[in-house]
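Novice: Sharing a model that was predicted from the sequence below.
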Amino acid sequence: MRRRLIVLVLGVVALASCSKKKSTSDALPSDDLTREDLLNEQKRVANGETVGEALRAPKIEIDARGVTINARLVASPSVIAARDAGTPPRIEEVRAWLQGLREHWLQIHPGETFGGRIELVAATDTTATLAERVLGSAAISGYARAHVKVGAVEWDAPLWIMDPPLAQKQEAPRAANVTLTRGADGYTIAVTTFGPPCKHTPSVGAGDALRAVLGDHCADDARCYLAIEPSTDDFASVAAILAPAFGFGAPPGVVLDARFRAGAVDPCAERNRLSALMDLMGDPSAPTAPWGRDDPSPNPPLAGSGMSWGAVKDAGAIKGVQVRAGALAVHGRLPPEVIQRIVRQNFGRFRLCYENGLRNNPSLAGRVAVRFVIDRKGEVTLTADGGSDLPDNSVVACVVRAFGSLSFPAPEGGIVTVVSPLMFSHE
């Protein structure tokens, strides 16, 4: 009897341990998991289980402890104070953790649209600057929405995602930037419409007229991007001011620009400058395009180990996979060999995208060309397909996404545009 009781107790403990591990792994960044963990989760998804809801809708709390994600402390107050806010404002630890959650979800749901949103709960004494950095971290990590609750105020808003950062504004026929700016007598509203021509109309009304102004300019097919300059206000006050834009009965087509200090930026100049630079890259499908040539230098199949969020340990990798880097097309003052070295350091991430495609099509092979922009701080602010011929859109999208989290040395004298071709094959 005693032996049976011991066996029963051990079995219950083992079962509880397994259950805890399963629920915990569902909420972790992909870097914390082995390839075996990810494959097991993919099997659970294939069997119809709901896996990864905490990855797609993580709960972020801001309080005296700092910033927690899914009950894990990610950034303490001392860490937050020591970090440069960056451009766009962010907390690097929060951005990296959210990027890892997003990559984890995409790896166990290959070919599916992410559509993530954060559940942000902030203490009433949270500063607007800290909330801005958390929302900015979510936006540049690929989370499309934020459900915000601070005190008695609660609303849900689409976020301006930095990938693509500006094209959405140009494509909307009546798209506008609506900026709330703090003044001595409260907030005033300025509207920038993108035409053509681009037109800026300052001080079109007081803050209480926000819903009417948005109703005049915003619709599902003509989105407005709402930014706010909060000065020293607390986040509870800012959230209350934004409530007419995103609460019940709000106009459609309003997107929250996570950069609260966006009022100081000329959106037309920035958008036109980036568009002109991308146009310089020419037609990526042209037969004489520089990114159509292979890099003659030898490159071992396992070069790079995936140095960024989203990489996994190389357990059980498919054998015979080759990833080769082609010649870069670079416009700007950053040495191509520096860019190429960092790209190769992240081959592990690109290889994983390709291996997921190989499981569905063992003969899959081809080129993925990624166009991207490196900003003045060395961060990638724009990624796009640069003329790929690999016949699997999900693999191409996975590789393009992976470039979005790379970091480079700060360029000299402005931003840099690059086309980086990668050749994937399997023997």
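Specialist: Arrived safely.

Novice: And the strands in the stretch 301-427 of the chain?
Specialist: Using DSSP state E, counting those that start in this stretch, the strands of the stretch 301-427 of the chain run over 321-325, 329-331, 366-374, 380-385, 416-426.

Novice: JSON lines for these, including distance to Thr68, mean pLDDT and mean neighbour count?
Specialist: The way it works is simple: take the backbone N, C-alpha and C, and place the C-beta from them, glycine included. Shown next, in JSON lines, are the strands of the stretch 301-427 of the chain (distance: least, CB to CB, whole Å; pLDDT from 0 to 100; neighbours: other CB atoms under 10 Å):
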{"stretch": "strand 321-325", "distance to Thr68": "37", "mean pLDDT": "90", "mean neighbour count": "20"}
{"stretch": "strand 329-331", "distance to Thr68": "40", "mean pLDDT": "87", "mean neighbour count": "19"}
{"stretch": "strand 366-374", "distance to Thr68": "32", "mean pLDDT": "91", "mean neighbour count": "23"}
{"stretch": "strand 380-385", "distance to Thr68": "27", "mean pLDDT": "84", "mean neighbour count": "20"}
{"stretch": "strand 416-426", "distance to Thr68": "36", "mean pLDDT": "91", "mean neighbour count": "22"}
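
Novice: Residue ranges in the stretch 251-400 of the chain under the pLDDT threshold?
Specialist: For the stretch 251-400 of the chain, the stretches flagged by pLDDT under 70 are 258-317.

Novice: returning to that earlier point: would you mind saying which of the strands of the stretch 301-427 of the chain lies nearest Gly142?
Specialist: In terms of CB to CB, the element of those nearest to Gly142 is strand 380-385, at 10.8 Å.

Novice: sorry, back to before: quick one: closest of the strands of the stretch 301-427 of the chain to Leu210.
Specialist: Closest to Leu210 of these is strand 380-385 (CB to CB; 28.5 Å).

Novice: Which strands border that closest one, and is each parallel or antiparallel?
Specialist: Here strand 380-385 is paired, per DSSP bridges, with strand 366-374 (antiparallel).

Novice: Now the strand it pairs with - C-alpha only, CSV.
Specialist: Written as CSV, here are the backbone C-alpha positions of strand 366-374 (Å, rounded to 0.1, in the frame of the first residue of the first chain):
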residue,chain,number,x,y,z
GLY,A,366,15.3,30.1,-54.3
ARG,A,367,16.3,33.6,-53.4
VAL,A,368,14.9,36.0,-50.8
ALA,A,369,15.8,39.6,-51.3
VAL,A,370,15.1,42.0,-48.5
ARG,A,371,15.1,45.8,-48.8
PHE,A,372,15.6,47.7,-45.5
VAL,A,373,16.4,51.1,-44.1
ILE,A,374,18.9,51.6,-41.3
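
Novice: ok and it relative to strand 321-325, angle-wise?
Specialist: Angle of strand 366-374 versus strand 321-325, following axes from the mean of the first three to the mean of the last three CA atoms, to 10 degrees, is 40 degrees.

Novice: just the angle between strand 366-374 and strand 416-426, please?
Specialist: Using the same axes, to 10 degrees: strand 366-374 against strand 416-426 is 160 degrees.

Novice: ok so, going back, could I get the strands of the stretch 301-427 of the chain as TSV with distance to Ala64?
Specialist: Formatted as TSV, the strands of the stretch 301-427 of the chain follow (distance: least, CB to CB, whole Å):
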stretch	distance to Ala64
strand 321-325	46
strand 329-331	46
strand 366-374	37
strand 380-385	33
strand 416-426	41
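
Novice: among those strands, which is nearest Gln340?
Specialist: strand 321-325 (6.1 Å).

Novice: Looks like Gly357 contacts Asp392 (just checking).
Specialist: Yes: the criterion here is CB atoms under 8 Å, and Gly357 meets it with Asp392 at 4.5 Å.

Novice: anything in contact with each of those two?
Specialist: Leu364 (CB atoms under 8 Å, 6 or more residues apart in numbering).

Novice: ok so, going back, quick check: which of the strands of the stretch 301-427 of the chain is nearest to Leu352?
Specialist: strand 321-325 (9.7 Å).

Novice: Show me what that closest one is packed up against.
Specialist: When contacts are defined as 3 or more CB pairs under 8 Å, 6 or more residues apart in numbering; DSSP states H and E, strand 321-325 packs onto helix 336-345, helix 347-360, strand 416-426.

Novice: quick one, it and helix 336-345 angle?
Specialist: Going by the same axes, to 10 degrees, strand 321-325 makes 160 degrees with helix 336-345.

Novice: what's the distance between Thr188 and Ala209?
Specialist: Note on Thr188: its distance to Ala209, by CB to CB, to the nearest Å, is 10 Å.

Novice: just Ser388 next, same as before
Specialist: From Ser388 over to Ala209 the distance is 47 Å, taken as CB to CB.
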